[in-house]
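K.L.:
Need a 3D model of the following:
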Amino acid sequence: MSSTVDTQVYVVEDEGDLLDLICRTFAQYDIGCQGFRLGKEACAAIKRQRPRICVVDLMLPDMDGMELVKDLAGHADTGVIVITGRAELSDRVLALEVGADDYIVKPFEPRELVARVRSLLRRIDQLTTAQQDLGNKLACFAGRVFDGNSLALRRPDDTVEMLSASEALLLSCFLRSPKRILSRDQLLDGDSVDCQSLDRSIDIRISRIRRKIEADPKDPQIIKTVYGAGYLFAAEVDWLEPVTH
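P.N.:
Model (predicted):
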């Protein structure tokens, strides 16, 4: 099922009534969506055309929704929101750690999901704006090189890590404001949707970035926590033009 508006969102949810309700609500708010009751159907559609956002129920009948989240997290051009009926906080944290950008717990009001999708779309648009502002410049810090266009991070041993859109946007915030404490409110950039959830999302995204840029993520030297205040990007940042041949 799909709406008449240009498709921006795929919804993977096996409960037919809930899927219909979500898609109807999105249509009311001019958010184009396509719904899938099976994970494999969604995977096939994603291979044909990637959506801007994929909303994934973790409890799918034909596959583990977490595996789909992991696969989507490897592609920076698609945001991921998890739907879960699991009450345990550990499950929600795991979804964020494997690459989801946000989560919503059943039962929920469909308009809340609309708000979360809009919030994530804004973050993706902000990343596009940040990429345009930076042009083709490379950010060099602590022996690492970040390419904002490809979202690739090259480490001192020449291995390359790919960042998700949300990770890259967060890192870009730090790179533009080195040696300054940034509060969670500044990193959230004014989002007002369930701040407790987004606070946790910020913390876990920073943990994910630390695993990619820190020599020892358990003893971070680049992104430091300033308790009660926020986070500090401690490294010097140099902006370089890429070398062309």
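K.L.:
All the helices of this protein, in order from the start?
P.N.:
For the chain, the helices defined by DSSP state H occupy 16-28, 39-48, 65-73, 89-97, 110-134, 165-176, 184-188, 195-213.
K.L.:
Burial-wise, tell me which of those comes out on top.
P.N.:
helix 165-176 (a mean of 23; mean count of other Cβ atoms under 10 Å). No exception for glycine: its C-beta is placed from N, CA and C like everyone else's.
K.L.:
which strands and helices sit next to it?
P.N.:
Other elements packing on helix 165-176 under the criterion 3 or more Cβ pairs under 8 Å, 6 or more residues apart in numbering; DSSP states H and E are helix 110-134, helix 184-188, helix 195-213, strand 230-233.
K.L.:
who does the shortest one pair up with?
P.N.:
For strand 230-233, the paired strands and their directions (DSSP bridges) are strand 181-182 (antiparallel), strand 223-226 (antiparallel).
K.L.:
hmm, back to that, mean pLDDT and distance to residue 225 added to the helices of the chain, as TSV?
P.N.:
Shown next, in TSV, are the helices of the chain (pLDDT from 0 to 100; distance: least, Cβ to Cβ, whole Å):
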stretch	mean pLDDT	distance to residue 225
helix 16-28	95	37
helix 39-48	94	36
helix 65-73	88	24
helix 89-97	78	17
helix 110-134	82	22
helix 165-176	85	13
helix 184-188	76	11
helix 195-213	74	8
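K.L.:
export those helices to TSV and tack on distance to residue 230?
P.N.:
Below are the helices of the chain laid out as TSV (distance: least, Cβ to Cβ, whole Å):
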stretch	distance to residue 230
helix 16-28	34
helix 39-48	35
helix 65-73	25
helix 89-97	19
helix 110-134	18
helix 165-176	11
helix 184-188	6
helix 195-213	9
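K.L.:
Can you check which of the ones you listed gets nearest to residue 79?
P.N.:
Minimum separation from residue 79 across the helices of the chain (Cβ to Cβ) falls at helix 110-134, 4.5 Å.
K.L.:
Kindly calculate the angle that the closest one makes with helix 16-28.
P.N.:
50 degrees (axes from the mean of the first three to the mean of the last three Cα atoms, to 10 degrees).
K.L.:
can you list contacts of helix 110-134?
P.N.:
Residues outside helix 110-134 that contact it (Cβ atoms under 8 Å, 6 or more residues apart in numbering): 8-9, 21-22, 25-26, 29, 31, 52-53, 55, 79, 81, 83, 101-102, 104, 148-149, 165-166, 168-169, 172, 176, 189, 191, 193-194, 198, 239.
K.L.:
let's go with 7 Å and repeat that
P.N.:
Applying Cβ atoms under 7 Å, 6 or more residues apart in numbering, the contact partners of helix 110-134 are 9, 21-22, 25-26, 29, 31, 52-53, 79, 81, 101-102, 104, 148-149, 165-166, 168-169, 172, 189, 191, 193.
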